[in-house]
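1. Dropping a prediction and its sequence here:
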Amino acid sequence: MFEYEAGNVVLATVERQLRHYLSALWGFRPFIRATGQRTAVKPVRRSTFDGFMIRAPDHYPGFSGQQAARLFHAAVAHIGAHMAFTPQRFPVRTLKPLQVALISLIEDARVETLAGRRFPGLTRLWRSFHVAEPEAPLLSLPLMARLSRALIDPGYEDPDPWVRKGRAMFNDAQPNCEDPAISREIGGLLGNDLGQMRVQFNPKTYVVEPAYRDDNLGIWDIGQPDAPPSEETDVIEQGVRISRTEEEPERDQRSRTEQDEAGNARAVQLRPMEEDTGIPVARYGEWDYVTGSERLDWVTVQEFEPRSAPARIIDRVLAEYPDALYRIRRLIKSARVSRPSRLRRQPEGERLDLQASIQATIDRRAGITPDTRVYETMELKHRDLSVLLLLDISESTKDTIRGTSTSVFSIEIAATALVAEAMTGLGDPFAIGAFCSNGRQEVRYYRIKDFEAPYGEQSKCRLAGLRGGLSTRMGTALRHAGHELTQQQTFRRLLLIVTDGEPSDTDVSDRRYLVEDARKAVQSLAHEGIDVFCVGLDSGGDSYLTRIFGRHNVIQINKVTALPEKLPMLYLRLAA
């Protein structure tokens, strides 16, 4: 099932698999993102979740190959079990950190039991990661690991009375296993017993075991976010490895269960996104040129569902520019953007073919007429390129282009429609996204077309339904789009942004701040092997666009028919 060679398996290589895996098991597909890395603390090694997003480690140290792939699948399957069988969060109230940890442990076992009844293979998957032994020392962490194994592995025998008592209580509660209250009851009693045994528990160093289990943030309600945190709450957060950044919006939009007429809990799918309601999917840093440092996790990206409009709007655009479409299609089709292939035994070329030269020398000394094809050359024979078109749909795109009566937005849509139509059928993976912003907590991202989706009626409807509004926080949009491109396994990866205006936002007064941040984002993407080019629709934007993207990575147009003349420069740079 999980066929991977030895070596580290990172989240980016299995993210798409995990989404499909969750969809097949539980019928919903939350966003999956890597946990944020902090430079000042040890990276978090456990996954975490809320109702719409799962954050998992980029990789699990100590696990490689098939075992690492199985661990990723075990982790998201466990979180899916919580989403399906944990109907609401447990209030912390006056619970001690040890009780929180043990209630979480029992709840983990409870949802795994329910999931195992539906999918027995999950129990076998999870059980393979429980490796606690009965000879482990009588400390809180080893004892809790032994209890976790005892609750999932019937063949495991443990001599410790506390572990045996926990297993007996859990087994006795099986008739009521669908009731989350048993986790609170059993976990509370076991916590009291462990406290009376004088077993030390340090919530600041506690890490949930085994590695596939999450940090339990998703099942606890620690109180109102704007209330001043107490010392007790702070200790609890550390105990369950909560990684929350300053001013992060508290969204308790988790998957809920509903009660059917018989009163039994029934799992439901994630609540669909309402119109003009975004889902937070990622947080990114932002470069502060004044201090010369990055503000970690400073900006939040929210993905919004694009509105739809009739696809015939896009079809009319294509019909209006048939010559431009033909020329763009011919240009893109003729471009050979790929890894160069070496051609040996050529009659002419850039260098000598060593093997052919040696053979020719041997033949000549043997009195045989040598083959004169002793050169080699490099040639681009195939296509190996992925492209993401990123549209700036801020309020300024409603303005008309200088000296014309045409709006910037209409040129953007027309240019995107022509390029997308030209790329369809060539086999190059490409995606389309759009962005605008409303302060650092709401950088809006619209998915018009994903890489794996075909470009057809739905994509055209979404493209036609776009409307301009809000501001232009360009650096964050570039980072988010770049993250999508890093998952493409092609030789060259191109991020093509179409914009009209200088980066700006409502919470930034320094005009240079967002320009420098966007420039830093372009530099970071270049280090990841992503080419970033800009199609500028503002003739007065040369100064800041060249500052952000570089003098040779910007093309300026003020009409759609100019696109075929400008695009060759872009492809020549890629083929260089």
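-> Received it, and whenever you're ready, just let me know what you need.
2. And this protein, what are its domain boundaries?
-> 11-244, 312-334+384-575, 341-379 (automatic domain parsing).
3. nearest to Ile279, of the ones you listed?
-> domain 11-244 (4.8 Å; CB to CB). Yep, even glycine has a C-beta here, placed from its N, CA and C like the rest.
4. so where does Leu495 fall, helix or strand?
-> In this assignment (DSSP states H and E), Leu495 forms part of strand 492-499.
5. I figured Gln302 was touching Tyr446, is that so?
-> No: with contacts counted by CB atoms under 8 Å, Gln302 stays clear of Tyr446, the gap being 10.3 Å.
6. so where do the strands sit in the stretch 301-450 of the chain?
-> Ranges of strands in the stretch 301-450 of the chain, per DSSP state E, counting those that start in this stretch, are 341-346, 351-352, 375-379, 385-392, 430-437, 443-449.
7. which helices and strands does the fourth one pack with?
-> Identification of packing neighbours for strand 385-392 by 3 or more CB pairs under 8 Å, 6 or more residues apart in numbering; DSSP states H and E yields helix 408-423, strand 430-437, helix 474-486, strand 492-499.
8. who wins for proximity to Arg110 among these?
-> The nearest among the helices and strands packed on strand 385-392, by CB to CB, is helix 474-486 at 35.0 Å.
9. returning to what we had before: quick one: which of Gln302 and Tyr446 has more around it?
-> Tyr446 (21 against 18; other CB atoms under 10 Å).
10. quick one: the more buried one from Thr35, how far?
-> Distance, Tyr446 to Thr35, using CB to CB, to the nearest Å: 25 Å.
11. Output the domains of the chain as TSV; include the columns distance to Gly285 and mean pLDDT.
-> Compiled in TSV, the domains of the chain are given as follows (distance: least, CB to CB, whole Å; pLDDT from 0 to 100):
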stretch	distance to Gly285	mean pLDDT
domain 11-244	9	82
domain 312-334+384-575	8	85
domain 341-379	39	83
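12. Among those domains, which comes closest to Arg295?
-> Nearest of those (CB to CB): domain 312-334+384-575, 9.2 Å.
13. Point out the one among the domains of the chain that comes closest to Asp297.
-> Comparing the domains of the chain by CB to CB, domain 11-244 comes nearest, at 5.4 Å.
14. how distant is the closest one from the center of its chain?
-> Distance of domain 11-244 from the chain centroid (CA atoms, centre = their mean, to the nearest Å) equals 23 Å.
15. so how many other residues sit close to Thr277?
-> Based on other CB under 10 Å, the number of other residues close to Thr277 is 12.
16. Excluding chain neighbours, what is closest to it?
-> Spatial nearest neighbour of Thr277, excluding adjacent residues (CB to CB, 6 or more residues apart in numbering): Phe304 at 7.6 Å.
17. which residues does the one you found bridge with?
-> Tyr446 (DSSP bridges).
18. what sits up against stretch 305-316?
-> With CB atoms under 8 Å, 6 or more residues apart in numbering as the test, stretch 305-316 has contacts from 273, 275, 413, 417, 434, 446-448, 457, 460-467.
19. Could you do stretch 151-165 as well?
-> 106, 109, 112-113, 123, 126-127, 130, 134, 138, 143, 146-147, 149-150, 166-167, 170, 190, 193-194, 197.
20. Any quick PyMOL command for the buried ones out of those residues?
-> Selection command for PyMOL covering only the buried members of the contacts of stretch 151-165, criterion 16 or more other CB atoms under 10 Å:
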select buried, resi 106+109+112+113+123+126+127+130+143+146+147+149+150+166+167+170+190+194
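21. In helices, which of the contacts of stretch 151-165 fall?
-> 106, 109, 112-113, 123, 126-127, 143, 146-147, 149-150, 166-167, 170, 190, 193-194 (DSSP state H).
22. In contact with His480, which residues are there?
-> Here His480 is in contact with 282, 284, 301, 435, 443, 445 (CB under 8 Å, 6+ apart).
23. Ile279 is in contact with the third one, correct?
-> No: when contacts are counted by CB under 8 Å, Val301 is not listed as touching Ile279 (9.6 Å).
24. Look at the two and report which has more neighbours.
-> Val301 (25 against 19).
25. Tell me who's in contact with that one.
-> 280-284, 443, 445, 476-477, 480.
26. which of those residues sit farthest apart?
-> Farthest apart among those - using CB to CB - are Pro280 and Ala477, which lie 15.0 Å from each other.
27. which of the two has more neighbours?
-> Just comparing Pro280 and Ala477: by other CB under 10 Å the higher neighbour count belongs to Ala477, 29 against 20.
28. Quick check, that one in contact with Ile393.
-> No: look at Ala477 against Ile393 with CB under 8 Å: they stay out of range, at 10.3 Å.
29. Mutual contacts of these two, please.
-> Contacts common to Ala477 and Ile393, judged by CB under 8 Å, 6+ apart, are Phe435.
30. May I see the buried residues of stretch 417-424?
-> 417-423.
31. chain center to that stretch: distance?
-> 26 Å.
32. CA-only coordinates of it in CSV, if you can.
-> Extracted as CSV, the C-alpha positions of stretch 417-424 are listed here (Å, rounded to 0.1, in the frame of the first residue of the first chain):
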residue,chain,number,x,y,z
ALA,A,417,-8.1,33.0,-20.6
LEU,A,418,-5.9,33.1,-23.6
VAL,A,419,-2.8,31.6,-21.9
ALA,A,420,-5.0,28.9,-20.2
GLU,A,421,-6.7,28.0,-23.4
ALA,A,422,-3.3,27.8,-25.2
MET,A,423,-1.8,25.5,-22.5
THR,A,424,-4.8,23.1,-22.5
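33. how about the residue nearest to Gln200 when sequence neighbours are not counted, what does it touch?
-> Leaving aside its chain neighbours, Gln200 sits nearest to Ser140 (6.4 Å; criterion: CB to CB, 6+ apart). For Ser140, the contacting residues are 98, 194, 199-201, 206, by CB under 8 Å, 6+ apart.
34. from those, which would you call buried?
-> Buried among the contacts of Ser140 (16+ other CB under 10 Å): 98, 194, 199, 201, 206.
35. Hmm, Pro210 and Arg46 touching each other?
-> No: look at Arg46 against Pro210 with CB under 8 Å: they stay out of range, at 10.1 Å.
36. Run through the bridge partners of the closest residue in space to Leu390 that isn't next to it in sequence.
-> For Leu390, ignoring the flanking residues on the chain, the nearest one in space by CB to CB, 6+ apart is Ile497 at 4.4 Å. As for beta bridges, Ile497 partners with Leu390, Cys534 under DSSP bridges.
37. Would you agree Ile497 is in contact with Phe533?
-> Yes: here Ile497 reaches Phe533: they are 7.4 Å apart, a contact under CB under 8 Å.
38. where along the stretch 451-576 of the chain do the helices fall?
-> 457-464, 474-486, 511-527, 542-549, 563-575 (DSSP state H, counting those that start in this stretch).
39. The second one to strand 443-449, inter-axis angle?
-> Our comparison of helix 474-486 with strand 443-449, counting by axes from the mean of the first three to the mean of the last three CA atoms, to 10 degrees, yields an angle of 40 degrees.
40. same check, this time on the longest one
-> Our comparison of helix 511-527 with strand 443-449, counting by the same axes, to 10 degrees, yields an angle of 40 degrees.
41. Numbering from 25 from now on, please.
-> Fine by me, first position is 25 from now on; the one you just mentioned is helix 535-551.
42. elements contacting helix 535-551?
-> Helix 535-551 packs on strand 303-312, helix 498-510, strand 554-560, helix 566-573, going by 3+ CB pairs under 8 Å, 6+ apart.
43. So which of those is nearest Arg53?
-> strand 303-312 (11.8 Å).
44. quick one: strands adjacent to the closest one?
-> strand 317-328 (antiparallel).
45. before we move on, the earlier item: so which of the contacts of His504 is the most crowded?
-> Val467 (30 neighbours).
46. so Ser381 sits right up against Val398, yeah?
-> Yes: Ser381 is within contact range of Val398, at 4.9 Å (criterion: CB under 8 Å).
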